[in-house]
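Q: Generate coordinates for the sequence data below:
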Amino acid sequence: MSRLRLLLVLATTTAFGCATAEDTAFVPIGTDSGSPDTSAKFDTGEPDEDTGLADDTGKPPKDSGISTEDTGAVDSFVADTGAADSAVADTASADTSVADTSAADTFVADTFVADGSADTFAADTSVDDTYVADTYVEDTASADTSADADAGSGPTRLYPGAVTLQGVTTDDWAIVADGTSSVIAIPLSGGASQTVATSASRLLISGKVVFVWSGIDSYGFGTLRAWTATGGAKIVATKSLAPSTTNAGARQVAAASTDGAWIAFTDGGTSGIWSRYADFKVASADGTAVKTVFTQYIVFDGIYDYEDWCAPKLGWVGTRFVTTHCPGSGTVSLSASSLDPAAGTATTLGTNLGTYWTTNETGTIVSLLTNYSSISGGTLRVVAPTGGAATTIDTGVAAWALTRDGSAIVYQTMVNALKRSPTASPAPTTLVTSGVVTLLSAPSDDDKFILYSSRTAAPYDVRLASATTAGTGTVLHATANAAIYGDAFSADSKHALYFASVVSPDVGTFTAHPVAGGSVISLGSSAWIAFATSGGKLVWNDDHVGTTTSGRATIRTRDMSSLTGTVTTIASGADRAFALSTAKDRVVYTLSGSSLTNGLWVAPIP
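A: Residues are numbered from 1 along each chain as shown. Prediction:
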């Protein structure tokens, strides 16, 4: 993940979650209900980096392309039931994945090109058909033998059938749901798929681990399974708090370590007259070595917890999990602790929090806002993930973002100024004296620029400020009709990215604005979401057709490092939720509506 200086905005009482770069957040299976910090936008796996940004009411960056991170991010999971092109053995023609009647077919991956006739992949009655990825070529009879889904220069179909993309793990497994509430994992490199769950209602992707909840009761507790590519799916809890369907970003209820070895989650859920309680646990990803860190802490307070204030905000930082929590009894107040998964112990990082925690990309520091008031703001502090004395940065803070290495922090004050301070030896300096009402982004990848607005709520104008040097902001887009859906800067930090003239259902003109000045470049109209890959390369989808709950769009790319760069179409009419591979060199998407092309696809980014 390219940017994890998580940004939190406190202009409202909305809860802004926190997570690590590996998190991608959840969506209710088979829906397009919105991912954490996005409103029906696909969360790319950058859960909150997209940030609290504006009024984190569910639609800061339609971030990540997946269930993210913001996360990601995650959402545009268009349910599609209109195709027969399934992975099951059948005896029909017209693009059946297999046609044998003697044994189960091993479904691996395939690439398909319509040539006007039925594309039969394998038809024998004596042995199992192995469905392997083929390159982008036309064939009409023989089975495909290429095992590498990346072998061709064009799109490759990895899995046929009516499926919706839920996200991509950091070890490059695409996670999809079918129309029967089954969740399936498919390797982007080609190979056999794995069943994650046969009955699921919500999921969350954290790094290499997929968490799936089923059998959720009226209090929000259900059976939790954790899946990894190496260990498969394991039941790890029977009364685990599931992600929220109405306020997704308010709960990061499970997390995994970067290497996928450790997981953190809740179990033992109970309900009282007003509140709900659960144990906070850590374990190996296979569900063994379970240790209870907190017993029966409040995870939902019926009197004050309208925004899931007490729900855990779990993430991985360095060598530990970090989470917020409320006590099991007494006055409801929010604290943050780091959890040692090997020892099963907790270290307090901060108390009386006004919101949640954030970390930098390398996981060397945790930032917290304490003693928050909607009138006076809060006290901004930083602390090591392992604990120790916290360092106070400043007071009267409303929103903030760490630099990539955590050596500095850029923040907005309650009097609408933009400031910056080193984190080791605080020495705040003012970057912009006034007019910074809402932060729209974290700093660019080179930590030199940041976007903000002079408005308190959407729609926004868009302004650019230096994140290092004092000056005045530059107006990039003066009209209050803009938003940021996805990444706010190109990876080389040379272009600011935003959507102008936004209309329902949250589509607009995708725009790239040179930070050094120059002509504004409109890249696509009716655009849904956009991501930066490497250098000046951008990937987005436009020509959107659909509603707030589902839609299709055309995926395109352009390298902005060249003034003469041209727009290249990757996929036309794809379901609007798409994701990038971990290396950001491939696009992962689904097609629906035709039995000839339905399924999960991957394509290289030229």
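Q: Residue 458 and residue 483 touch, don't they?
A: Yes. Counting by Cβ atoms under 8 Å, residue 458 does reach residue 483; the two are 6.1 Å apart. Placement of C-beta: from N, CA and C, glycine included.
Q: Pick out whichever of the two has more residues nearby.
A: The residue with more neighbours, out of residue 458 and residue 483, is residue 483; 25 against 20, by other Cβ atoms under 10 Å.
Q: I'd like to know how far the more buried one sits from residue 398.
A: Separation of residue 483 from residue 398 (Cβ to Cβ, to the nearest Å): 20 Å.
Q: Could you do residue 212 as well?
A: Per Cβ to Cβ, residue 212 is found 37 Å from residue 398.
Q: Equivalent analysis for residue 157, please.
A: With Cβ to Cβ as the criterion, residue 157 and residue 398 are 47 Å apart.
Q: now residue 228
A: 39 Å.
Q: When those two are compared, which one has more neighbours?
A: The neighbour count for residue 228 versus residue 398, taken as other Cβ under 10 Å, is higher for residue 398 (27 against 24).
Q: For residue 256, give me its contacts.
A: Contacts for residue 256 (Cβ atoms under 8 Å, 6 or more residues apart in numbering) come out as 22, 206, 207, 208, 209, 226, 262, 263, 264, 285, 316.
Q: ugh, wrong one, residue 236
A: Counting by Cβ under 8 Å, 6+ apart, residue 236 touches 224, 225, 226, 263, 265, 267, 283, 287, 290.
Q: The fifth one contacts residue 285, correct?
A: Meaning residue 265. No. Using Cβ under 8 Å, residue 265 makes no contact with residue 285, being 10.7 Å away.
Q: okay, and the common contacts of the two?
A: Shared contacts of residue 265 and residue 285, defined by Cβ under 8 Å, 6+ apart, comprise residue 226.
Q: Can you pull the phi/psi pair for residue 494?
A: Main-chain dihedrals, residue 494, degrees, to the nearest 10: phi -90, psi -10.
Q: pLDDT at it, what is it?
A: If you check residue 494, the pLDDT there is 98.
Q: For stretch 269-288, give the mean pLDDT please.
A: Rounded mean pLDDT across stretch 269-288 is 94.
Q: Show me the helices in the stretch 151-300 of the chain, by range?
A: Assigned by DSSP state H, counting those that start in this stretch, the stretch 151-300 of the chain shows no helices.
Q: Can you list the low-confidence ranges for it?
A: The model of the stretch 151-300 of the chain has pLDDT under 70 over residues 151-152, 246-250.
Q: now do 50
A: 151-152 (pLDDT under 50).
Q: Remind me which helix or strand residue 450 belongs to.
A: According to DSSP states H and E, residue 450 maps onto strand 449-453.
Q: picking up where we left off before, so residue 265 and residue 285 - more neighbours on which side?
A: Between residue 265 and residue 285, counted using other Cβ under 10 Å, residue 265 has the larger neighbour count: 28 against 23.
Q: That one: what's it in contact with?
A: The neighbours of residue 265, taking Cβ under 8 Å, 6+ apart as the test, are 211, 224, 226, 236, 237, 240, 253, 254, 255, 281, 283, 314.
Q: The first one contacts residue 224, doesn't it?
A: Yes. Distance between residue 211 and residue 224: 6.2 Å, which falls inside the contact criterion (Cβ under 8 Å).
Q: For those two, list the residues in contact with both.
A: Overlap of the contact sets of residue 211 and residue 224 (by Cβ under 8 Å, 6+ apart) consists of 254, 265.
Q: The stretch 451-600 of the chain: strands as residue ranges?
A: Counting by DSSP state E, counting those that start in this stretch, the stretch 451-600 of the chain has these strands, from start to end: 460-466, 474-482, 495-503, 507-514, 521-527, 529-532, 537-546, 551-559, 568-575, 579-580, 586-591, 599-604.
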